[in-house]
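Q: I need the structure of the sequence given here:
(one chain, ligands or ions: 1)
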Amino acid sequence: MSSAQNPLPGVLRWSLGDLTITVMNDGYLQGSLDLVTRIGRDEAGALQAAGFRAHDPRITLNAFLITGPGIEPILIDTGMGSFGGPSLGRVPAALAAAGVSPESIGTVLLTHLHPDHAGGLIAGEDIAAYPNAELVVHADEVAHWLDDGTLSRAPDGAKPYFEMARKATAPYAGRLRTVTGGTVAPSIEAVPLPGHTPGHTGYRITSGDTSLLMWADIVHLPAIQFKQPEAGMVFDTDGEQACSVRRRMLDVVASDRTFVAGAHLEFPALGYVARDGAAYSFVPELWVTAQ
Ligand SMILES: [Zn+2]
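A: Next up is the predicted model:
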């Protein structure tokens with residue numbers, strides 16, 4: 001097997017106060033500029049080129065593990081699992097490389113119920129990949145994706161996404177906790193960021209005087225959306241709201257110099273947002289070995 005087919009796990013450990021944040025790369029989604037909404041295709045293509053990225057974007061996908069003294073390991077998102085192709089589904093290998101067993105995960109915090117975030121909840125067809133974990137999801141997300149009424153009203157093209165959300169969460173029935181904000185796990189606060197999906201949620205992790213905001217899918221395409229926050233994705237449930245939430249978030253984290261992480265920021269997906277004229281740039285945190 002070539003190294004391209006059998007890559008080393010993408011894993012990075014980061015100290016945040018007493019906690020350890022482990023970034024786990026699930027792989028990438030091969031996209032195209034057809035995914036971009038609200039701006040012209042030529043502008044999107046020019047931004048990809050200016051950012052030294054391929055015309056047809058490869059969208060990085062990451063999940064996050066939080067460990068620390070006195071807490072059961074916590075996952076934020078699970079990757080695509082078996083819902084994607086061979087370029088995805090690498091979180092289990094990353095978790096193994098980090099020395100953490102799926103059985104030891106006490107809580108899975110989901111940012112939303114799209115398959116690239118929730119697909120890894122199941123192993124095989126219908127087995128819980130995290131057999132001892134409680135699942136935490138925003139109430140509006142559950143109401144949207146897991147409700148019979150919204151499924152029946154959904155256009156045919158959207159129905160598979162509802163079915164994938166149901167399939168991924170089915171083995172967790174009876175241990176699914178819905179939240180609307182506030183503290184949802186030790187050291188972790190839910191930050192609702194609706195628009196991309198109705199219950200799309202970021203998580204702020206705090207230890208001592210340090211914190212990290214995992215902003216979920218505020219940015220899918222770094223080369224495009226930091227420069228042109230107006231650009232959306234075809235997967236946005238409410239493109240207008242997703243865009244205004246992105247604009248507000250970029251403004252706040254740039255002003256506050258917030259340490260951020262993202263599901264689709266380029267691995268290891270930790271850094272800062274700087275103002276760049278009327279737009280923004282992403283400044284990766286310095287990778288150091290002595291963490
Ligand atoms: Zn996503």
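Q: Now tell me what touches the lowest-mean-pLDDT helix or strand in the chain from outside.
A: Taking mean pLDDT, DSSP states H and E as the measure, the helices and strands of the chain show their lowest mean at helix 148-153, namely a mean of 89. The contact list for helix 148-153, computed with C-beta atoms under 8 Å, 6 or more residues apart in numbering, reads Ala143, His144, Lys159, Phe162, Glu163, Arg166. Glycine gets a C-beta too; all of them are placed from N, C-alpha and C.
Q: again, only this time at 6 Å
A: In this structure, residues lying in contact with helix 148-153 by C-beta atoms under 6 Å, 6 or more residues apart in numbering are His144, Phe162.
Q: Any buried residues in the helix or strand just after that helix, and which?
A: Past helix 148-153, heading to the C-terminal end, the next element that is a helix or strand (DSSP states H and E) is helix 159-169. Of the residues in helix 159-169, Tyr161, Phe162, Met164, Ala165, Lys167, Ala168, Thr169 count as buried by neighbour count, 16 or more other C-beta atoms under 10 Å.
Q: which helix is the longest one in this protein?
A: Determined from DSSP state H, the single longest helix within the chain is helix 239-256.
Q: In that one, which residues are buried?
A: For helix 239-256, by 16+ other C-beta under 10 Å, it's Gly239, Gln241, Ala242, Cys243, Val245, Arg246, Met249, Leu250, Val253, Ala254.
Q: likewise stretch 181-193?
A: If you call a residue buried by 16+ other C-beta under 10 Å, then stretch 181-193 has these buried ones: Val184, Ala185, Pro186, Ser187, Ile188, Glu189, Ala190, Val191, Pro192, Leu193.
Q: Narrow these to those in helices?
A: Secondary structure of the buried residues of stretch 181-193 is defined by DSSP H; no position falls in helices.
Q: ok and the residue in the stretch 1-150 of the chain nearest the ion?
A: Across the stretch 1-150 of the chain, the shortest distance to the ion (C-beta to the ion) belongs to Asp116, at 4.5 Å.
Q: just the buried residues of stretch 181-193 now: which is nearest the ion?
A: Distance ranking of those against the ion, using C-beta to the ion, places Leu193 first at 12.3 Å.
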